[in-house]
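Asker: Give me a model of this one.
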Amino acid sequence: MMLALVFCAQTAFCQSFDEVANKLKALPGAEMLTLDKDMLKLATSASTDQSANKMMDKLDELVMLNIENPSAETIATFLKEVKTLKNNYSKVAEEEEDGETMLVFGDLDDDGNAKGFIVGKSGKEECMLMYMKGNVSAEELEALSEMK
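Answerer: I've put the predicted structure just below:
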């Protein structure tokens, strides 16, 4: 019986990106976009931002979920779900400032390089969840965590 309770508690508090994204895309105003490697190359060919292009070249997949003008209830649900992420990801940053919260999770090697990472950001104007799969250096991950 105790083992069953522990398992239920773990599954309730630790979810994969897909599980969280599926719940969040059902929220009012949610839109989700998935870009594979070919679509990412097309996007970078149209951009003049060299630092963004450099990072995008390293990605194999990008999934973005966006909710514009979320209600207070939607923001609370968004944060609750994002905080349950696991699936080989460790929380590497959390910041709260001016009513906005940003969480960064990474699948990191011993040198701090990421094979993939997830960024969740919530505020009064939008909630955003982004999953990036690819090889990104520790420096690039740090730069991402400093983005406002």
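Asker: which element follows the helix or strand of the chain with the lowest mean pLDDT toward the C-terminus?
Answerer: Ranked by mean pLDDT, DSSP states H and E, the weakest helix or strand in the chain is helix 2-13, scoring a mean of 38. Next along the chain after helix 2-13, taking DSSP states H and E as the criterion, comes helix 17-24.
Asker: And the average pLDDT for stretch 59-79 is what?
Answerer: What stretch 59-79 shows for mean pLDDT is 94.
Asker: Pull out the buried residues from it.
Answerer: When burial is assessed from 16 or more other Cβ atoms under 10 Å, stretch 59-79 yields the following buried residues: 59, 62, 63, 64, 65, 66, 67, 70, 74, 75, 77, 78. In short, each C-beta sits where N, CA and C put it, glycine included.
Asker: Over to stretch 16-35?
Answerer: Judged by neighbour count (16+ other Cβ under 10 Å), stretch 16-35 contains these buried residues: 17, 19, 20, 21, 23, 24, 27, 30, 35.
Asker: what sits against the residue lying closest to residue 36 once chain neighbours are set aside?
Answerer: Sequence neighbours aside, residue 61 is the residue nearest to residue 36 in space, at 5.8 Å (criterion: Cβ to Cβ, 6 or more residues apart in numbering). Under the criterion of Cβ atoms under 8 Å, 6 or more residues apart in numbering, the neighbours of residue 61 are 34, 35, 36, 37, 40, 131, 132, 133, 134.
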